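In: build me a model from this:
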Amino acid sequence: MIPAPPVEGGDAPGGIDPRVRLAAAIGFSAATAAWQRPAGILAALGFALGLAAFFRLSPRPLLRRLLAANGFVLLLWAIVPFSLPGEALVRLGPLAASREGLALALAITLKSNALVLALLALVAPLPFPAAGHALHRLGVPGKLVQLLLLTWRYLALLEQEFHRLRRAAALRGFRPRTDLHTYRTFAWLLGMLLVRSVDRAERVRRAMLCRGFRGVFLSLHEFRLTRRSLAFAAAAAAAVVASAWLELAG
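Out: Numbering: from 1, shown residues only. The predicted structure is shown next:
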């Protein structure tokens, strides 16, 4: 398997066990999604900012990805405040933005940014094969892990094959337009991509069997629970418990 490139900013000194990273990401995501009060949501956002600082994510790529994520959140601000009934705070002609709608949109914005920050810090730097084997060590079924690893590996190959077919069509004078010929050509491209995908899958299966594949992917990554990993796990658990206390007390 070819490892995926890490996110800019990389890793903390000494490294954190991938199993700890994934467990922390799952626990944090579940807790953040459940919080409803401002205190708990702000605590989750603060913890996510702390993760970004701890793992030393580069500010510019991080800001670029946050802006991309918040582009979808802006759509919620155009819909949620005006669709949720409640006390009207802002009126735009016949439309009225309710206090409850604005509060919900703000909560979704803070939660989504906290989740994106945490996942970029905890999960994104992991090579995909290491993340897959870590999921298996955490109890995810082996068949599902194999499906994830194979899907990740060969999506890039299918993309390359599609671009190769597009270039071949362009060299033959094809120019996409809004006409029946263009629709037929793209249908042919997709059909050829499906046929070549089946052929590639069969060749890969035979190659794996010739190399002694017995249904289990072996990992060269050694998982070790170091003191740093255990300390990070304890700190992450304490942060989730603290945000839960703020949520319940608030």
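In: where does pLDDT dip in this protein?
Out: Residues of the chain meeting the criterion pLDDT under 70: 1-14, 218-221, 250.
In: hey, where'd the strands end up in it?
Out: 88-92, 95-98 (DSSP state E).
In: direction included, what does the last one pair against?
Out: Within its sheet, and counting by DSSP bridges, strand 95-98 is paired with strand 88-92 (antiparallel).
In: I'd like the strands of the chain written out as CSV, with mean neighbour count and distance to residue 51 added.
Out: In this view, the C-beta of every residue, glycine as well, is placed from N, C-alpha and C. Putting the strands of the chain into CSV (neighbours: other Cβ atoms under 10 Å; distance: least, Cβ to Cβ, whole Å) gives the following:
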stretch, mean neighbour count, distance to residue 51
strand 88-92, 12, 34
strand 95-98, 16, 33
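In: quick one: which of the ones you listed is nearest residue 66?
Out: Of all the strands of the chain, strand 95-98 sits nearest to residue 66, with 24.3 Å by Cβ to Cβ.
In: which residues does the closest one contact?
Out: 81-82, 84-91 (Cβ atoms under 8 Å, 6 or more residues apart in numbering).
In: cool, and stretch 18-36?
Out: Under Cβ under 8 Å, 6+ apart, the answer for stretch 18-36 is 41, 44, 47-48, 107, 111, 114-115, 118-119, 122-123, 126, 130-131, 133-135, 137-138, 221, 223, 225, 229-230, 232-233, 236-237, 240, 243-244, 247.
In: what about the residue nearest the centre of the chain, distance to residue 45?
Out: By Cα atoms, centre = their mean, the chain has its centre lying nearest to residue 119, at 6.8 Å. Counting by Cβ to Cβ, to the nearest Å, the separation of residue 119 from residue 45 is 14 Å.
In: could you find the closest non-adjacent residue to residue 197?
Out: Leaving out its chain neighbours, the residue that sits closest to residue 197 by Cβ to Cβ, 6 or more residues apart in numbering is residue 158, at 6.0 Å.
In: can you check residue 174 too?
Out: Among residues not flanking residue 174 along the chain, residue 185 sits closest, at 5.9 Å (Cβ to Cβ, 6+ apart).
In: now do the contacts for the one you found.
Out: Residue 185 sits next to 169, 174, 176 when contact means Cβ under 8 Å, 6+ apart.
In: look at residue 80 and say how many residues are nearby.
Out: Residues lying near residue 80 (other Cβ atoms under 10 Å) number 20.
In: measure it to residue 73 for me?
Out: In terms of Cβ to Cβ, residue 80 sits 10 Å off from residue 73.
In: hey, what's in contact with both of the two?
Out: Residues touching both residue 80 and residue 73 (Cβ under 8 Å, 6+ apart): residue 108.
In: contacts for stretch 72-88 next, please.
Out: Stretch 72-88 is contacted from outside by 90, 92, 95-102, 104-105, 108-109, 112, using Cβ under 8 Å, 6+ apart.
In: state the distance from residue 200 to residue 171.
Out: 22 Å.
In: which of those two has more neighbours?
Out: residue 200 (14 against 8).
In: isn't that one right up against residue 157?
Out: Yes: counting by Cβ atoms under 8 Å, residue 200 does reach residue 157; the two are 6.9 Å apart.
In: how does this structure divide up, domain by domain?
Out: Split into domains by automatic domain parsing, the chain comes to 18-127+223-249, 134-210.
In: just the ones you listed: most buried one?
Out: Ranked by mean neighbour count, those are led by domain 18-127+223-249 with a mean of 16 (mean count of other Cβ atoms under 10 Å).
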